[in-house]
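Peer 1: coords please:
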Amino acid sequence: MMKTALLSLLVATTTTAFTVPQRQQQSTALYAEDHMDRRQVLTQGFGTAAATFGLVLGGMPLPAFADYEPKFEDLKQIYILGVSLDKLATKFSDPDTVESGLEGVKMFNRDPKFYPGYAKNFISKTVKKNADGDARLGYVKQACTIIGSTEGLMRGESGMYGKEATEEGVKRVRKAQSLIAKFLAESGYSDGDVAAYIKDHPY
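Peer 2: As a prediction, the model looks like this:
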């Protein structure tokens, strides 16, 4: 089973964690085994699910090892991360739930390389070399950095407090979501809920 997104990774300490829309619960195995090592996920669980697609980046076709057909299984962890951030934004918007949201970010920051690792695994199937330099990996890295930065923000490390800090927190979460939308838009898969997510989070 797959260790998944913010529902298990970010908010293991609270029952009011970031949640994924009901429409995706069955297809994403979101409530899978919660204690599987993330490295096992990357090396065992993803396999072909992390294989990707030699598609268009910046209007130019990418060289690929093989002809991979884009499908939801290939990128669902990044998608789940994006939709789960709606819950974090909601928590940061309410003074009564800011602390709950902060606990989720603390959990996220325990393994900040998980999603970039997943994205790199995905990208490496579409390019012959320099997956580290692929712009799509940069989107995910930047999104994760922004998410992680909200921990210090909410602690006052940026010199902002109260409403100013929470508004900035929501702003950062939305920025992270737009970067994830950009990654998804350049993945070549744009059906169903993924297409809706991209539309709802302009970048």
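Peer 1: switch to C-alpha atoms for all contacts and neighbour counts from now on
Peer 2: Noted.
Peer 1: could you report the neighbour count for the closest residue to Gln177 other than its chain neighbours?
Peer 2: Nearest residue to Gln177, sequence neighbours excluded (Cα to Cα, 6 or more residues apart in numbering): Gly82, at 5.3 Å. Residues lying near Gly82 (other Cα atoms under 10 Å) number 26.
Peer 1: what's the answer for Gly192, then?
Peer 2: Here the neighbour count serves as a burial measure; for Gly192 (other Cα under 10 Å) it reads 9.
Peer 1: roughly how far apart are it and Val83?
Peer 2: Spatial separation of Gly192 from Val83 under the definition Cα to Cα, to the nearest Å is 14 Å.
Peer 1: coming back round to it: need the contact list for the residue nearest to Gln177.
Peer 2: Taking Cα atoms under 8 Å, 6 or more residues apart in numbering as the contact definition, Gly82 lies against Ala176, Gln177, Ile180, Ala181.
Peer 1: nearest to Pro70, of the residues you listed?
Peer 2: Out of the contacts of Gly82, the one with the shortest distance to Pro70 is Ala181. That distance is 15.7 Å, counting by Cα to Cα.
Peer 1: hang on, that closest one is in a helix, isn't it?
Peer 2: Yes. Counting by DSSP: H, G, I helix; E, B strand; the rest coil, Ala181 is found in a helix.
Peer 1: what residues are up against the residue nearest to it when sequence neighbours are not counted?
Peer 2: The shortest distance from Ala181 to any residue that is not its chain neighbour, by Cα to Cα, 6+ apart, is 4.9 Å, and that residue is Ile198. When the contact criterion is Cα under 8 Å, 6+ apart, the partners of Ile198 are Ser178, Ala181, Lys182, Leu184, Ala185.
Peer 1: now those in a markdown table, with pLDDT, distance to Leu137 and neighbour count?
Peer 2: Conversion of these to a markdown table gives the following (pLDDT from 0 to 100; distance: Cα to Cα, whole Å; neighbours: other Cα atoms under 10 Å):
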| residue | pLDDT | distance to Leu137 | neighbour count |
| --- | --- | --- | --- |
| Ser178 | 98 | 14 | 22 |
| Ala181 | 98 | 13 | 28 |
| Lys182 | 97 | 11 | 18 |
| Leu184 | 95 | 11 | 24 |
| Ala185 | 94 | 13 | 20 |
